[in-house]
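**Q** take this sequence and fold it.
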Amino acid sequence: MRLVIVSNRVTIPERNEKAAAGGLAVALREALEKQGGLWFGWSGNVKETTTAPTVVERGNVTYAVTDLTEAERQSYYLGFSNRALWPLMHYRLGLTEFSRTDYAGYLAVNRRFAKTLMGLLKPDDIIWIHDYHLIPLAAELRRRGVTNRIGYFHHIPWPPAEMFGALPFASTLASTVMAYDLVGLQTATDVSNLIGCLSAMSGARSDGRKVRVGRRETIIQAFPIGIDVEAFRKLAAASVRSATTPLKTTRQSLGERKLVIGVDRLDYSKGIVQRLEAFGHFLRSHPDQRGRVGLLQIAPPSRTDVPEYAELDRQSDEVAGRLNAALGEFDWTPIRVVKKAYSRNALAGFYRRAQVGLVTPMRDGMNLVAKEYVAAQDPADPGVLVLSRFAGSAHQMGEALIVNPYDLHEVAEAIRTGLAMPKSERIRRFERLYATIEATDIEWWTQRYLDALSGIDMAPLEIVPPGIGAKSRARSRPAAAPSAKSSRPKATRRSAGTPEEPVTTRRPASDRAPAKPGRSSASARPAPPSG
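**A** From the prediction side, this is the model:
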């Protein structure tokens, strides 16, 4: 049984190229290598005319990529996918621009992808399609007689029926979801929203998991995506010993000052402008913190040929400049916005250096930066995560400081709370957060989804609470987060009022691997926020 993965963009690795640490692409590549498979999608290239796909073998994986014409790129990718679906899915109805030409181009590219993929499929293939660019692809494959099991994973939010219904042809597009055997989304809220759309627009009946329209039945279920926690932890620990040039420069410029960090692609869904304003509000409200803490916002540009993104680029520069002029000193710049991409090694080091991770999107499917920040922390002296209640990760990470990103005062006060939090409380929160992300890592997510798609495990997914070990795949013993005191299987229980104990000097806690599955130090986690 072969696995076929379809995504909007596919990068063919160089021969003998080592996989980078972590990331979705790495997880999918490993799943393909494990059982053999095909990865199909857009090459990222634009040509005058389209030709037969380029097929390249890399070990146990076959990569098949096709080009787009400029007209297809404009309508399918820049147009309908990123100026209609993206803002709509992120609850930004005012930024949604619908064009019938773009919609026709979106459907046409999905038809062409289906036609091309048909010539590459085998009868027993299992097909896994990814993200909003390819929602109707399964319906196009079914029209051509494909009977294979087909799954879809939606990486971004799914809005309520009232909002999705504002999209012309919304019912037609939503109905194509029923061509899948399994649809995965990030949160229970997204599942409820999609089922609500199908009920309102197609008369679907559902028990909350299985959805039926006519004779067709589809399972719609939450599969919260994770990261490679162990790999990212090692990157961060290594950054202490061999800092990259950007990290060394940052450490030197900060000195003893504290650091608040944000890392996001430059996108209006990430709330970057609002975050800068909130940090300015924090400094105005707490003048004693001026000169003692700085914000580093890493924001590599994206989709620069979409007008809304160009405007966001201008706004972020304007806000940072205004706040720095009003609040800065000759020897201290409160806000630094860096619009370039950094390696995962460098990011891990930045996260570990920062006392507060500021992750405040206005709406996000999951937001893996929140999980990376936690994985990168020094167990003996961890930072504090400030997290938007509108990020999917907030449903899992209740020990973060959960905030409303629209409320600048609330975000500012969370920054103050994080910077002032006692070490014992920071360690308690970190250990519970780490246990959660370790339990639901990228391997867990990949295997759980593929088991469900293959029919091996079709039981409803239960989000694994803190204390359930990922390596046991949520079937047996609880797991402990990396302990600030030792690497023994059991983590020492602490409470907010417990005096801090010295860390052993025989081996730095930052260099130790997480403890093997044992009793967690976490107590019962509060219910996740709604939204």
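**Q** going forward, measure contacts and count neighbours with C-alpha atoms only.
**A** Will do.
**Q** under the pLDDT cut-off, which ranges of this protein? List them.
**A** Low-confidence segments of the chain (pLDDT under 70): 16-23, 242-255, 456-531.
**Q** which strand runs longest in it?
**A** As assigned by DSSP state E, the longest strand anywhere in the chain is strand 37-46.
**Q** that one pairs with which strands, parallel or anti?
**A** strand 3-9 (parallel), strand 61-68 (parallel) (DSSP bridges).
**Q** name the next helix or strand downstream of that strand, please.
**A** Using DSSP states H and E, the helix or strand that follows strand 37-46 in sequence is strand 54-58.
**Q** now do that next one: which elements does it pack against?
**A** strand 61-68 (3 or more Cα pairs under 8 Å, 6 or more residues apart in numbering; DSSP states H and E).
**Q** for the helix or strand just after the strand it packs on, packing partners?
**A** Going down the chain from strand 61-68, the next helix or strand is helix 70-72, by DSSP H and E. Counting by 3+ Cα pairs under 8 Å, 6+ apart, the packing neighbours recorded for helix 70-72 are helix 100-118.
**Q** rerun at 10 Å
**A** strand 37-46, helix 100-118 (3 or more Cα pairs under 10 Å, 6 or more residues apart in numbering; DSSP states H and E).
**Q** the longest strand of the chain to helix 100-118, inter-axis angle?
**A** Computed with axes from the mean of the first three to the mean of the last three Cα atoms, to 10 degrees, the direction of strand 37-46 lies at 140 degrees from that of helix 100-118.
**Q** mind putting the helices and strands packed on helix 70-72 in JSON lines, mean neighbour count included?
**A** As requested, the helices and strands packed on helix 70-72 are exported to JSON lines (neighbours: other Cα atoms under 10 Å):
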{"stretch": "strand 37-46", "mean neighbour count": "20"}
{"stretch": "helix 100-118", "mean neighbour count": "18"}
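**Q** would CSV of those with distance to residue 64 be doable?
**A** Converted to CSV, those look like this (distance: least, Cα to Cα, whole Å):
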stretch, distance to residue 64
strand 37-46, 5
helix 100-118, 9
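**Q** these: which one's closest to residue 126?
**A** strand 37-46 (9.3 Å; Cα to Cα).
**Q** so which of the strands paired with strand 37-46 comes closest to residue 312?
**A** Here strand 3-9 is closest among the strands paired with strand 37-46 (Cα to Cα), at 24.3 Å.
**Q** not counting its own residues, what contacts the helix or strand following the closest one?
**A** Once strand 3-9 ends, the next helix or strand along the chain (criterion: DSSP H and E) is helix 24-35. Residues outside helix 24-35 that contact it (Cα atoms under 10 Å, 6 or more residues apart in numbering): 1-5, 10-11, 18-21, 36-39, 58-62, 225-228, 442-443, 445-447, 450.
**Q** got the buried residues for helix 24-35?
**A** 26-33 (16 or more other Cα atoms under 10 Å).
**Q** got the angle between that helix and strand 3-9?
**A** Using the same axes, to 10 degrees: helix 24-35 against strand 3-9 is 160 degrees.
**Q** and helix 24-35 with strand 54-58, angle?
**A** Using the same axes, to 10 degrees: helix 24-35 against strand 54-58 is 70 degrees.
**Q** so how far is helix 24-35 off the chain centroid?
**A** Remark: helix 24-35 is offset 17 Å from the chain centroid, using Cα atoms, centre = their mean, to the nearest Å.
**Q** spatially nearest residue to residue 262 (excluding sequence neighbours)?
**A** Closest residue in space to residue 262, ignoring its immediate chain neighbours: residue 297 at 4.7 Å, by Cα to Cα, 6 or more residues apart in numbering.
**Q** OK, contacts around that neighbour?
**A** 260-264, 272, 275-276, 320, 335-339, 358.
**Q** try residue 2
**A** 32, 35-38, 121-127.
**Q** still on that earlier bit, now the residue nearest to residue 262: phi and psi?
**A** phi -110, psi 110 (degrees, to the nearest 10).
**Q** try residue 154
**A** phi -100, psi 110.
**Q** count the neighbours of it for me.
**A** 21 (other Cα atoms under 10 Å).
**Q** on that earlier part again, so how do I select the buried members of the contacts of helix 24-35 in PyMOL?
**A** A single PyMOL command selects the buried members of the contacts of helix 24-35 (16+ other Cα under 10 Å):
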select buried, resi 2+3+4+5+10+21+36+37+38+39+61+62+225+226+227+228+442+443+445+446+450
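**Q** residue 50 - how many residues pack around it?
**A** 11.
**Q** wait, it touches residue 66, no?
**A** Yes. Under the criterion of Cα atoms under 10 Å, residue 50 is in contact with residue 66, at a separation of 7.4 Å.
**Q** re earlier: closest to residue 419 out of the contacts of residue 2?
**A** residue 32 (43.1 Å).
**Q** burial count for residue 142?
**A** 15.
**Q** my read: it touches residue 177, true?
**A** No. If you go by Cα under 10 Å, residue 142 and residue 177 don't touch, sitting 11.6 Å apart.
**Q** how distant is stretch 285-292 from the center of its chain?
**A** The answer for stretch 285-292 is 32 Å, by Cα atoms, centre = their mean.
**Q** can you name the residues in contact with that stretch?
**A** For stretch 285-292, using Cα under 10 Å, 6+ apart, the contacting residues are 254-259, 279-280, 282-284, 327-329, 331-334, 409, 412-413, 416, 419.
**Q** how about it: buried residues?
**A** 289-291.
**Q** repeat that for stretch 141-158.
**A** 141, 146, 148-158.
**Q** that stretch: end-to-end distance?
**A** End-to-end span of stretch 141-158 (Cα to Cα, to the nearest Å): 23 Å.
**Q** off-centre distance for that stretch?
**A** That offset, for stretch 141-158, works out to 21 Å (Cα atoms, centre = their mean).
**Q** which one of the buried residues of stretch 141-158 sits closest to residue 133?
**A** residue 154 (9.6 Å).
**Q** the closest one contacts residue 86, doesn't it?
**A** No. The pair residue 154 / residue 86 is not scored as a contact, 11.7 Å apart, by Cα under 10 Å.
**Q** joint contacts of these two?
**A** 132-133.
**Q** count the residues that sit near the closest residue to residue 270 other than its chain neighbours.
**A** Among residues not flanking residue 270 along the chain, residue 361 sits closest, at 3.9 Å (Cα to Cα, 6+ apart). For residue 361, the count of nearby residues is 26 (other Cα under 10 Å).
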